[in-house]
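K.L.:
Starting from these lines, generate the structure:
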Amino acid sequence: MIVGTIVGALVTISSVGAGALGVTALTFLYPNLATRRVVGSDIAHAVPLTFVAGLGHWWLGTVDVVLLVSLLIGSLPGIALGAHFAARVPERALRGLLASVLLLVGGKLILA
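P.N.:
Alright, predicted model coming up:
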């Protein structure tokens, strides 16, 4: 619960994706859990977390509706494709891909 509170607060104040923070936290907490299960659990957690954080920002008036719609138009098909392929990619390759994405996100945050 403590890690969930920290992830929720960081997602809300930093806009770093719930996936990047959640996957990292789950990987540290459950290192032997299959990557598919980590990703699936994180997505199931990220959806309501992001929704609640988004409502907070909507209430504050900090949401750009045009940008939001553009993101949703691209993200929704991406979610379906990603879930489809994640179930078919070998565990080792999925772990490597996930590590690469997290490194890119971390590098971008350091340079930003």
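K.L.:
For the residue lying closest to Gly4 once chain neighbours are set aside, what is the enclosing helix or strand?
P.N.:
In space, and not counting its chain neighbours, Gly4 is closest to His45: 7.6 Å by Cβ to Cβ, 6 or more residues apart in numbering. C-betas here are computed from N, CA, C, even on glycine. Assigned by DSSP states H and E, His45 belongs to helix 35-60.
K.L.:
Helix 35-60 and the helix or strand following that helix, what's the angle between them?
P.N.:
Following helix 35-60 in sequence order, the next helix or strand is helix 65-86 (DSSP H and E). Taking axes from the mean of the first three to the mean of the last three Cα atoms, to 10 degrees, one finds helix 65-86 and helix 35-60 inclined to each other by 170 degrees.
K.L.:
which helices and strands sit right next to helix 65-86?
P.N.:
helix 35-60 (3 or more Cβ pairs under 8 Å, 6 or more residues apart in numbering; DSSP states H and E).
K.L.:
for the helix it packs on, which positions count as buried?
P.N.:
Of all the residues in helix 35-60, those buried under the rule 16 or more other Cβ atoms under 10 Å are Thr35, Arg36, Val38, Val39, Asp42, Ile43, His45, Ala46, Leu49, Thr50, Ala53.
K.L.:
circling back: report the mean confidence score over the helix holding His45.
P.N.:
Helix 35-60 shows a mean pLDDT of 83.
K.L.:
same check, this time on stretch 14-32
P.N.:
80.
K.L.:
can you pull the buried residues of it?
P.N.:
So, applying 16+ other Cβ under 10 Å, buried residues of stretch 14-32: Val16, Ala18, Gly19, Ala20, Leu21, Gly22, Val23, Thr24, Ala25, Leu26, Thr27.
K.L.:
residue contacts, the residue positioned nearest the centre of the chain?
P.N.:
Compute the mean C-alpha point of the chain, and by Cα atoms, centre = their mean the closest residue is Gly19, 1.4 Å away. Gly19 is in contact with Asp42, Ile43, Ala46, counting by Cβ atoms under 8 Å, 6 or more residues apart in numbering.
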